[in-house]
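K.L.:
Below is the sequence, then the predicted model.
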Amino acid sequence: MVWLKDRGIISVANFVLNSNEMDETVAHLLVAARNDGYAQGYTECTQHVVNALKVDWDTSSSATHSVDTDAALAAAKAQYNTLQLPVMDLVTVAQQSEDFMMQLREAFPDREDDDDEDLE
């Protein structure tokens, strides 16, 4: 249990945070959020111009014209919320084992132990 507390949880967290799947999903979510924010900001700004100047404002040249950025953002959030990471499959399999700690230690070997073995 000491290994789990001192090394295991940190190892799993590092694998999750450094996974390509997580990086790609978060990057996609950030782009979708930025585009949606831009679209909403442009719409709000347009409304201010229309109200202040009492003119119709042509928004057809906007980069987000006719783009459903809200749906794209919702899809990116759903993708993030349902993200499946291979590392979590390893943890799930290990949890179902009678000797789950040994399986976790094999799946996430200590880097320091590896360095010590190289010296011998």
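P.N.:
It's in. Residues are numbered from 1 along each chain as shown.

K.L.:
how far away is the residue located most distally from the centre of the chain from His48?
P.N.:
Centroid-distance maximum for the chain: Lys54 at 43.1 Å, with C-alpha atoms, centre = their mean. Relative to His48, Lys54 is positioned 12 Å away (criterion: C-beta to C-beta, to the nearest Å). Backbone N, C-alpha and C define where each C-beta goes, glycine included.

K.L.:
Also Tyr42?
P.N.:
The gap separating Tyr42 from His48 is 11 Å, by C-beta to C-beta.

K.L.:
Mind checking the pLDDT average for whichever strand or helix holds Met102?
P.N.:
Element membership of Met102 [criterion: DSSP states H and E] is helix 100-107. Helix 100-107 comes out with an average pLDDT of 83.

K.L.:
Would you map the strands across the chain?
P.N.:
For the chain, applying DSSP state E gives no strands.

K.L.:
how about the nearest residue to Val12, chain neighbours excluded?
P.N.:
Nearest non-adjacent residue to Val12, counting by C-beta to C-beta, 6 or more residues apart in numbering: Val91, 6.1 Å away.

K.L.:
Near that neighbour, how many residues? Count them for me, please.
P.N.:
Using other C-beta atoms under 10 Å, Val91 has 18 neighbouring residues.

K.L.:
Who are the contact partners of it?
P.N.:
Applying C-beta atoms under 8 Å, 6 or more residues apart in numbering, one finds that Val91 lies in contact with 12, 104, 107.

K.L.:
Point out the other helices and strands that the helix holding Met102 packs with.
P.N.:
Under the contact criterion of 3 or more C-beta pairs under 8 Å, 6 or more residues apart in numbering; DSSP states H and E, helix 100-107 touches helix 86-95.

K.L.:
State the mean pLDDT of the helix it packs on.
P.N.:
Mean predicted confidence for helix 86-95 is 86.
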